[in-house]
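K.L.:
Need coordinates for the below:
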Amino acid sequence: MLRIIDARTGEPVDAAPVRHGLTRVEAHASGCDASGLRVLLVADILVRALELDGTPVWPLLSGGREQEQELREAATALGIRPFEDGRGAGIAPGKAQVVHVAAEGADTAAGGVRVAVAPVDAAVPSVPAHDDDPAAWRLALLTHRHTRPVRLDEAALDDARQKLARWRAAVAEWARRPSRPVPDQVRGRLRGAWEDDLDVAAVLRVLEWVGTDPDLADGARFETYAYADRLLGVDLARDLGRTP
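P.N.:
Just a heads-up that it's a prediction; the model follows:
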């Protein structure tokens, strides 16, 4: 079960205390900058992780109206799924868990569990140009735990681009082999990573191991990367059918 650190208490709590009960995830992004987008990205990862566990989620975006449309457009560019307008949304029915995702040090002035997101030191635009791959921005922001500050610069983006190119080429090649299920050990390591306070950086390390372990069949590697991409959202299967 997904456990997250409540920033108010410093203690781990269940993200969905009622098995398969509704969880309300409320993102508090105050501006359309890299730090605001990281808040939305962490909320998006939280929603995906809960859904992978079969938990229904009500995703909401709260905050002022200033720059909201720009923020939503930038979020869409990074593959962040739409969040409903949280203003006046009311109370979720039943015994719903409420998780607030906000910038480190922000005061959401609301009850429920709080996930704190460290800031981004951005030396590049917060969203890619039209001719660049938005998944590189997304992956660069996911490389470190959400509790650690991130430096978003050309070096970080180049690393993300190279990793994506390598992984996508490998996935396209593995897709040519007979399919194999995700091994239980691998699935357990992946879920153990993201269920430990959304440790996506550990998920990426598991994928590196899967890509090089000689004991794993290529078909199992393919299914593992496809499964993990349901959380990561970086289009790892994009190059299927493109490799000669």
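K.L.:
Name the residues of the helix or strand in which Glu208 is found that come out as buried.
P.N.:
Counting by DSSP states H and E, the element that carries Glu208 is helix 200-212. By 16 or more other Cβ atoms under 10 Å, the buried positions in helix 200-212 come out as Val200, Ala202, Val203, Leu204, Val206, Leu207, Val210, Gly211. Yep, even glycine has a C-beta here, placed from its N, CA and C like the rest.
K.L.:
Distance from the chain centre to the longest helix along the chain, please.
P.N.:
Across the chain, the longest stretch assigned as helix under DSSP state H is helix 154-174. Offset of helix 154-174 from its chain centre (Cα atoms, centre = their mean, to the nearest Å): 17 Å.
K.L.:
could you check the angle helix 200-212 makes with the next helix or strand after that helix?
P.N.:
Toward the C-terminus, helix 154-174 is succeeded by helix 184-194 as the next helix or strand (DSSP H and E). On the basis of axes from the mean of the first three to the mean of the last three Cα atoms, to 10 degrees, helix 184-194 is oriented at 160 degrees to helix 200-212.
K.L.:
which outside residues touch helix 184-194?
P.N.:
2, 45, 49, 199-200, 202-203, 205-206, 209-210, 216, 220, 224, 227-228, 231 (Cβ atoms under 8 Å, 6 or more residues apart in numbering).
K.L.:
ok, back up a step: quick check: buried residues in the longest helix of the chain?
P.N.:
For helix 154-174, by 16+ other Cβ under 10 Å, it's Ala156, Leu157, Ala160, Arg161, Lys163, Leu164, Trp167, Arg168, Ala170, Val171, Ala172, Trp174.
K.L.:
now do stretch 178-197
P.N.:
Here stretch 178-197 shows 180, 182-183, 186-187, 189-191, 193-197 as buried, counting by 16+ other Cβ under 10 Å.
K.L.:
Same list (those) but as CSV, adding distance to Gly111 and pLDDT.
P.N.:
Converted to CSV, these look like this (distance: Cβ to Cβ, whole Å; pLDDT from 0 to 100):
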residue, distance to Gly111, pLDDT
Arg180, 46, 96
Val182, 38, 97
Pro183, 41, 96
Val186, 38, 97
Arg187, 34, 97
Arg189, 34, 97
Leu190, 32, 97
Arg191, 28, 96
Ala193, 29, 97
Trp194, 25, 97
Glu195, 24, 96
Asp196, 24, 97
Asp197, 20, 97
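K.L.:
Show me how the protein divides into domains.
P.N.:
3-152, 159-232 (automatic domain parsing).
K.L.:
Please identify which of those domains is closest to Arg238.
P.N.:
Nearest to Arg238 among the domains of the chain is domain 159-232; the distance by Cβ to Cβ comes to 5.6 Å.
K.L.:
Off-centre distance for that closest one?
P.N.:
15 Å.
K.L.:
That one: end-to-end distance?
P.N.:
Domain 159-232 has its terminal residues 16 Å apart, counting by Cα to Cα, to the nearest Å.
K.L.:
For Leu240, find the nearest of the domains of the chain.
P.N.:
Judging the domains of the chain by Cβ to Cβ, what sits closest to Leu240 is domain 159-232, at 5.2 Å.
K.L.:
from the buried residues of helix 154-174, which is closest to Leu41?
P.N.:
Ala160 (13.3 Å).
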